Structure formats: structure tokens, C-alpha cells
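Student: okay, here's the prediction I keep looking at, along with the sequence it came from:
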Amino acid sequence: MNTLNGFKTAVLLGALTGVLVIFGRILGGQGGMMIALLIAAVMNLGAYWFSDKIVLKMHGAKPVDRAQAPELYAIMEGLTARSGIPMPKLYLVEADAPNAFATGRNPSHAAVACTTGILKIMNRTELEGVLAHELSHVKNRDILISSVAATLAGAITMLASMARWGAIFGGMGGGRDDDRNGGGGIIGLLAMAIVAPMAAGLIQMAVSRSREYQADASGSEMAGNPYGLAAALQKLEEYGKRVPPLAVSPTMNHLYICNPLSGQGLMHLFSTHPPIKERVRRLLGR
């Protein structure tokens, strides 16, 4: 299962890189392709070394010690001892909306953050399921994969914005081609500027959904049973309809255990997370 998911993730990340390279080539030929790759490399390097600090700061997460959150520490110590990974740093986010996320480039440099809202509504078994899910992301190095996907998608979005402005002001240095093609170059540029970010978003969504299913499965194994996590997910869905959502950038959705900006109807088709009901069904085998 891990091998299959790893292969699918590699294919999806390769597709995302391909979209970036193709878009860079359309935007500026061979030079544009090299610039696009350079942008991706710089952004990924930054994501690798500083993503945890950036994410925690963006969400206003504050470090907590054992005296402030004794149950959180006790559960996490039990899970890390069982799974054989280092104890991550623990953080709290002051928010009524129940949720949690993990960040960090590897198990030795990881952090897990919970909102104050999730601590209020979860019992110990449910909280253990949530923390096991987040630790699974750390152990499987999903956070690094998600950071790479997010930065590649961000690079594509940035290039798309450049393409739109370039088309509006006469193209990115391709005026003669546009004259020969009757403006077709500008039309193609605008089309790519619209389609490329959509493709990047869909690929990023596919990467995230694949990782969530795997973290649910390995998290339930780490906790010793699937029932705590299943109950927690159902409770998160229920409270998500009643409590105002977190003020989160859409590019950060994939970090959380459930989509903090989840919507109804067609919005679920474009969510970075699979439906809660399907996750629970897979966990409980029915």
C-alpha cells in the first residue's frame, strides 16, 4: 500500500512539474522553461527549510509545554514511543473551529498543532486518533510532499498571473508571432494562464487526497484501532457545520486533518480532502 501510494504521488508530482515546465516554455520559450524551473527550485528550497516556521507563524500557533497541555503531551509521548519516531514540538492555535495539522521537513524537525476548539470537543480516544493521523503524516514525510506540491502550484499560479498581464499589454516579447498568427499567440497565452492553475490545483488535490487516506489507515494502526479516529472525523464534520471556519489561505487547506474551508455540493469535488463519510467508511470497512 505504501509503495503504491508513493508511486502515485511521484507520478502526480511529476505531472505538476510537467505543467510548470510546459507553461514556462509557452510563456518564454527555452529561456522561460529554465526560469520556471529555477523559480520552482528556489521555492522548494525555501519550503524544505522554512515551511514549518512559516506555517506556524501564519496560523498564530503558540508552543505549549507539559504543564499547559498535560493530556496532549501524554498521548503524544505514547504514540511516538509506539511508532519509534521523535517527539514533535506541540503548538496550540486559539480558534473555536476544531482542527489540527502537522508541519516540518522530517520526523526530527516536526511540529503538531491543535486548535483550542478540538481539545474542547474530543475525548481522549478521539484525540489520540487525531494525533496519530498527524503523526502518520510526519512519519510518512507527507508534509514535505505537500510543501513541494504547494510551491510548484504556487509557481504555476505566479507564472499564470504574469502571462495574463503579458497578454493584456501585448504579450511577453512575442509580438511578431502574434502578428503572424492573427493574435492567436495572445489568445493561447490567456488560455494557458487560465487552464494551468486549474490543472495545478487538481493535481495538488489528488496528491493531498491520496495522502489523507494513507494517514487515516496508518494512524488507526498507530493508535491501535480505527474507532477513535472515525468518531473524531464524524465529530469534526458535525462541528464544522456549526462553528465559523478558520481564517485559512486556500493554499494551506491540505495541511489540516479536515478541510477548514469545506463547502457543500460541488465544492466537495474540488476539496483537498476526501469526503468525511468515505474516510470513515474506509476506516471501519463498511
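Tutor: Okay, I see it. Residues are numbered from 1 along each chain as shown.

Student: let me see the mean pLDDT of stretch 80-98.
Tutor: For stretch 80-98, the per-residue pLDDT values average out at 94.

Student: how about low-confidence regions in the stretch 51-200 of the chain?
Tutor: 147-155, 157-159, 162, 164-193, 196-197, 199-200 (pLDDT under 70).

Student: next, please give the residue ranges for the helices of it.
Tutor: Applying DSSP state H, counting those that start in this stretch to the stretch 51-200 of the chain gives helices spanning 70-83, 116-121, 124-139, 142-168, 175-180, 184-223.

Student: contacts for the second one, please.
Tutor: Translated: helix 116-121. Here helix 116-121 makes contact (Cβ atoms under 8 Å, 6 or more residues apart in numbering) with 69, 72, 92-100, 127, 130, 235-236, 239, 243. (Each C-beta comes from the backbone N, C-alpha and C, glycine too.)

Student: out of those residues, list just those in strands.
Tutor: L92, V93, A100 (DSSP state E).

Student: highest neighbour count among the residues you listed?
Tutor: Using other Cβ atoms under 10 Å as the neighbour criterion, A100 leads these with 25 neighbours.

Student: list the residues that contact the closest residue to that one other than its chain neighbours.
Tutor: Nearest residue to A100 in three dimensions, chain neighbours excluded: C114, at 4.5 Å (Cβ to Cβ, 6 or more residues apart in numbering). Neighbouring residues of C114 by Cβ under 8 Å, 6+ apart: L72, L90, Y91, L92, V93, N99, A100, V130, L131.

Student: next: Y227.
Tutor: Y227 touches T125, G129, L284, counting by Cβ under 8 Å, 6+ apart.

Student: where's it relative to H137, distance?
Tutor: Separation of Y227 from H137 (Cβ to Cβ, to the nearest Å) stands at 20 Å.

Student: buried ones in stretch 98-111?
Tutor: P98, N99, A100, F101, A102, T103, G104, R105, P107, H109, A110, A111 (16 or more other Cβ atoms under 10 Å).

Student: how about residues contacting stretch 62-76?
Tutor: Contact with stretch 62-76 is made by 87-94, 112, 114, 119, 124, 127-128, 131, 135, as judged by Cβ under 8 Å, 6+ apart.

Student: quick check: end-to-end length of that stretch?
Tutor: The first and final residues of stretch 62-76 sit 17 Å from each other (Cα to Cα, to the nearest Å).
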